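Trainee: Sequence first, then the predicted structure, then my questions.
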Amino acid sequence: MKLLLWAERWKLRRSKILWIAGFATVMVALIVFAQGQFMFYGSRYIDKAGWFMTATQSLATFYVLPAVIALLGSYMICREEQEDTLKSLRLIPVDEMKLTLAKMALTLVFSVLIYLLLFVITFLIEAVLHLEALPISLVLENLKTYFLDGAGVFFAISPIIALVSRMKKGYWLALVFAEIYSFAGLFASMSNTLKTVYPMTAVFNLSGYYHASVIQTLIGVIVLLTCIVLSLFILKGLNKTAK
Amino acid sequence: MLKLIQVEFLKLRRRKFIWLMLLAALFMPLAAVFYFANIKGTGVEPIEFYKWTAFSYTPWIILPVVLGMLCTMLMYNENQYDILKQLWIVPVNKVAYFFSKFVVVLTYSICFMLIIAAASILTGVLPGYITFDSASTLYLLRKCMEISLLTAFAVLPVLAVAAVQKGYILPVCLTLVYTFLGFILLMVNMYLHPLSSMTAIVMRDIPGVVITQPLNIPGAFLCIGVWSVASVMLAGAVLKKRK
């Protein structure tokens, strides 16, 4: 497994996808910064300490980052089939399920890293704008939110990535699914029950962005664990379908 | 040119996924059914209902994302299977090739919005939320046509980026960031981004919509025009340079 993870990391070296994902993350921060210039009752949004960090993580999670992370995961999985390296891997032989698990583990790491990158950008901008108004507790609270968002979003979209690895050529589907799935969270957050059980909003319950009760948080953990079990279940059949 | 367009449509025949993507059109009408069932109840003004199904998140997020994916798919496939070389040998005019792809995007956009219009009427009338009348239906159809035509032009930059490079990751990430930027700029300055300019034009005569910025329709058309011309020039220049 260690070897597979090492190999996966090297495979990404020459690929531009990490740069593009980083670019998307930076752009999201810049776009929300532009929104912060909006005047509301005589003051700009961005002038309020903590607004930028909070708004960026929620907007990024509803609109952009889950699809980017799904793209990252499905790209890593689909490229073996597309670039015809899968045949050589099968000859070695490499267990396809373990290979996919290694790819999923790497996607989890990148998902967390993308969110931490977003945190660093937003924190730096907040620090430049109003360092003295930024209590350390708020920064640590946001760091926790971003970290749990990164991990949680991966868990929530893992069934989509697993499904793509079964279909091999369906990375387009992963993208559209992931985008609609995260976007639907916006509507799920309107109802209190749906907010608790919908995976995308369960992430927010868990990360502390929504003020959730202990029970809601626990349900969120169960929902996300169910997502992971579901994706493992989908992956289990992988070796059987391999020709 | 007509022959090129005909060939483009024939190429779509076996691509199931493009047809599957039309299902995304049903998302907002279904979300509206849940929303009105939980919150508003029956006896809703038709325009109020259509504002939910067709004039809000559909032109802001769903249609641009779907069209961006379509643009990427149309361009990426020919690169992937190395058909472009053969097309240049035929020879096919490079700008005409780009425009034939654009005609597909435009037609797809119109079909998408027509499905939304039909779904809006069906999901509104069948459960009895709205009463069917010809004035509001004609209004819905006119607005859907406006949205579909303008959005197709507004996604020309994505089509150009998909045309000038060979991968699919950059245009797809760009689609997400571009759509998100358009959505956020709605609140800051509507006349910088083609998608927010499109919203300004569409929203000009929808009753009950409050626009905080002064409405400048020629400015919005100018914005879409400038971006479209720049995209066509970029795509034309890069395609002509490529051997």
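Mentor: Great, that's in hand.
Trainee: List the contacts of the closest residue to residue A:154 other than its chain neighbours.
Mentor: In space, residue A:154 comes closest to residue A:111 once its chain neighbours are excluded; the distance is 3.9 Å by C-beta to C-beta, 6 or more residues apart in numbering or on different chains. Heads up, the C-betas are built off the backbone N, CA and C, glycines and all. Contacts for residue A:111 (C-beta atoms under 8 Å, 6 or more residues apart in numbering or on different chains) come out as A:69, A:72, A:150, A:151, A:153, A:154.
Trainee: and which of those is nearest chain B?
Mentor: residue A:72 (8.9 Å; C-beta to the nearest C-beta).
Trainee: which SS class is that closest one?
Mentor: helix (DSSP: H, G, I helix; E, B strand; the rest coil).
Trainee: That one contacts residue A:19, correct?
Mentor: No: the criterion here is C-beta atoms under 8 Å, and residue A:72 misses it with residue A:19 at 11.7 Å.
Trainee: if you count what's nearby, which of those two comes out ahead?
Mentor: residue A:72 (25 against 11; other C-beta atoms under 10 Å in any protein chain shown).
Trainee: what's the pLDDT at the more buried one?
Mentor: Looking at residue A:72, its pLDDT stands at 90.
Trainee: likewise residue B:85?
Mentor: pLDDT at residue B:85 comes out at 84.
Trainee: again with the one 4 residues further on
Mentor: At residue B:89, the pLDDT value in this model is 87.
Trainee: Please report how far it lies from residue B:80.
Mentor: The spacing between residue B:89 and residue B:80, counted by C-beta to C-beta, to the nearest Å, is 18 Å.
Trainee: and what of residue B:135?
Mentor: Taking C-beta to C-beta, one finds residue B:135 at 48 Å from residue B:80.
Trainee: Between the two, tell me which one has more neighbours.
Mentor: Taking neighbours as other C-beta under 10 Å, residue B:135 and residue B:80 compare with residue B:80 leading, 13 against 9.
Trainee: List the contacts of the more buried one.
Mentor: residue A:82.
Trainee: phi, psi of residue B:54?
Mentor: phi -120, psi -20 (degrees, to the nearest 10).
Trainee: same question but for residue A:40, I mixed them up
Mentor: Torsion angles, degrees, to the nearest 10, at residue A:40: phi -140, psi 110.
Trainee: Ok, the one 3 residues further on next?
Mentor: Note on residue A:43: backbone dihedrals following degrees, to the nearest 10 are phi -130, psi 150.
Trainee: for it, which residues make a bridge with it?
Mentor: Beta-bridge partners for residue A:43, by DSSP bridges, are residue A:40.
Trainee: Quick check: the gap between it and residue A:37.
Mentor: 11 Å.
Trainee: Which residue of the two possesses the greater neighbour count?
Mentor: Shown here are residue A:43 and residue A:37; by other C-beta under 10 Å, residue A:37 has more neighbours (13 against 9).
Trainee: Now do the contacts for residue A:234.
Mentor: A:159, A:162, A:163, A:165, A:166 are the contacts of residue A:234 under C-beta under 8 Å, 6+ apart.
Trainee: now swap in residue B:61 and tell me
Mentor: Contacts of residue B:61 by C-beta under 8 Å, 6+ apart are A:63, A:183, B:179, B:183.
Trainee: Could you identify which of these has the most neighbours?
Mentor: Neighbour max across those (other C-beta under 10 Å) = residue B:179, 27 neighbours.
Trainee: Need phi/psi at residue A:14.
Mentor: phi -90, psi 0.
Trainee: For the strand or helix carrying residue B:109, name the packing helices and strands.
Mentor: Using DSSP states H and E, residue B:109 maps to helix B:94-125. Other helices and strands packing on helix B:94-125, by 3 or more C-beta pairs under 8 Å, 6 or more residues apart in numbering or on different chains; DSSP states H and E, are helix B:2-12, helix B:27-35, helix B:46-53, helix B:63-80, helix B:134-154, helix B:156-164, helix B:217-241.
Trainee: looking at the ones you listed, which is closest to residue A:130?
Mentor: helix B:217-241 (33.4 Å; C-beta to C-beta).
Trainee: Excluding chain neighbours, give the residue nearest to residue A:51 in space.
Mentor: residue A:45 (5.3 Å).
Trainee: Surely residue A:163 and residue A:174 touch.
Mentor: Yes: counting by C-beta under 8 Å, residue A:163 does reach residue A:174; the two are 7.5 Å apart.
Trainee: For these two, indicate the residue with more neighbours.
Mentor: residue A:174 (25 against 18).
Trainee: Spit out the contact partners of that one.
Mentor: Per C-beta under 8 Å, 6+ apart, neighbours of residue A:174: A:70, A:71, A:73, A:74, A:160, A:161, A:163, A:164.
Trainee: How many residues are close by the second one?
Mentor: By that I understand residue A:71. Residue A:71: 27 neighbours (other C-beta under 10 Å).
Trainee: Distance check, it against residue A:8.
Mentor: In terms of C-beta to C-beta, residue A:71 sits 16 Å off from residue A:8.
Trainee: Taking the contacts of residue A:111, please make a ChimeraX selection of just the buried ones.
Mentor: To isolate the buried members of the contacts of residue A:111 in ChimeraX, using 16 or more other C-beta atoms under 10 Å in any protein chain shown:
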select /A:69,72,150,151,153,154
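Trainee: Farthest pair within the contacts of residue A:111?
Mentor: A:72 and A:151 (14.7 Å).
Trainee: Any part of the helix or strand of chain B with the lowest mean pLDDT near chain A?
Mentor: When each helix and strand of chain B is scored by mean pLDDT, DSSP states H and E, helix B:16-20 comes last, with a mean of 82. Yes: Helix B:16-20 is in contact with chain A by C-beta under 8 Å from any C-beta of the partner chain, via B:17, B:20.
Trainee: ok, and for that helix, which residues are buried?
Mentor: residue B:18.
Trainee: Look through the chain and report the residue furthest from the middle.
Mentor: Unless you meant another one, I'm taking chain A. residue A:42 (35.2 Å; C-alpha atoms, centre = their mean).
Trainee: Please refer instead to chain B.
Mentor: residue B:89 (32.1 Å).
Trainee: Give me the neighbour count for residue 129.
Mentor: No chain specified, so I'll use chain A. What residue A:129 shows, counting by other C-beta under 10 Å, is a neighbour count of 15.
Trainee: that's the wrong chain, I wanted chain B
Mentor: Neighbour number of residue B:129 under other C-beta under 10 Å is 21.
Trainee: Report the separation between it and chain A.
Mentor: 17 Å (C-beta to the nearest C-beta, to the nearest Å).
Trainee: quick one: pLDDT of that residue?
Mentor: Confidence score, pLDDT, at residue B:129: 83.
Trainee: just checking, it touches residue B:49?
Mentor: Yes: at 5.9 Å, residue B:129 counts as touching residue B:49 under the criterion of C-beta under 8 Å.
Trainee: overlap in contacts of those two?
Mentor: Shared contacts of residue B:129 and residue B:49, counting by C-beta under 8 Å, 6+ apart, come down to residue B:36.
Trainee: thinking again about what came up before, inside helices: which ones of the contacts of residue A:111?
Mentor: Members of those lying in helices (criterion: DSSP state H): A:69, A:72, A:150, A:151, A:153, A:154.
Trainee: Understood, closing this out.
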